[in-house]
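# next come a sequence and a model predicted from it.
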Amino acid sequence: MFDIPDLMRTAQDLARHSGARQTVIAQNIAQADTPGYRARDLPPFHTQADRALAATRPTHLDASARPADLTPHTDRSAPALSPNGNTVSLEGQMMQAAQTRQAHEMALSTYTSARAILRTAMGR
């Protein structure tokens, strides 16, 4: 089970991941007409979080390591090439942007709620 500070760190990591993913999506949209451009994306947050949670005890893995793989990679789920060799689908990018916005809002809501719980517990 998560304790509040871990929950807040996870929410921060999700917000950071969502912000970085939104940047990659914006770059894809900006390159939508560039011949030969391949759409890029970040690894899903849950794969990074799963890797960080795999430590069963502090000496097992570096338990202090936070998920930080924010390196874009070529999006393998991108649609087939357009006639100019570009793989950016504006509709797909807009859907990803909406999903990313929802994840960011969820992270901020979780962080805000955890902060309110801590403040209440401290009597402030």
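Thanks, I have it. Quantities reported herein were computed from a predicted structural model and do not represent experimental measurements. Residues are numbered from 1 along each chain as shown.
# worst-scoring helix or strand of this structure, pLDDT-wise?
Every helix and strand of the chain was ranked by mean pLDDT, DSSP states H and E. The lowest is helix 45-53, at a mean of 72.
# contacting residues around the helix or strand following it?
Once the chain leaves helix 45-53, the next helix or strand it forms, by DSSP states H and E, is strand 73-74. Residues external to strand 73-74 that are found in contact with it (Cβ atoms under 8 Å, 6 or more residues apart in numbering): 38, 39, 40, 41, 42, 43. For glycine as for every other residue, the C-beta is placed from the backbone atoms N, C-alpha and C.
# now the residues you listed in JSON lines, with distance to residue 80?
Converted to JSON lines, these look like this (distance: Cβ to Cβ, whole Å):
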{"residue": "38", "distance to residue 80": "12"}
{"residue": "39", "distance to residue 80": "12"}
{"residue": "40", "distance to residue 80": "17"}
{"residue": "41", "distance to residue 80": "17"}
{"residue": "42", "distance to residue 80": "22"}
{"residue": "43", "distance to residue 80": "22"}
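# list the contacts of the residue nearest to the spatial centre of the chain.
Taking Cα atoms, centre = their mean as the criterion, residue 17 is the residue nearest the geometric centre of the chain, at 3.1 Å. Residues in contact with residue 17, defined by Cβ under 8 Å, 6+ apart, are 42, 45, 48, 67, 70, 103.
# try 6 Å
Taking Cβ atoms under 6 Å, 6 or more residues apart in numbering, we find residue 17 in contact with residue 45.
# ok but it is inside a strand, no?
No - assigned with DSSP: H, G, I helix; E, B strand; the rest coil, residue 17 falls outside any strand and is helix.
# now do it against residue 75, distance only.
Between residue 17 and residue 75 the distance, using Cβ to Cβ, to the nearest Å, works out to 16 Å.
# ok, now residue 21?
Between residue 21 and residue 75 the distance is 11 Å, computed by Cβ to Cβ.
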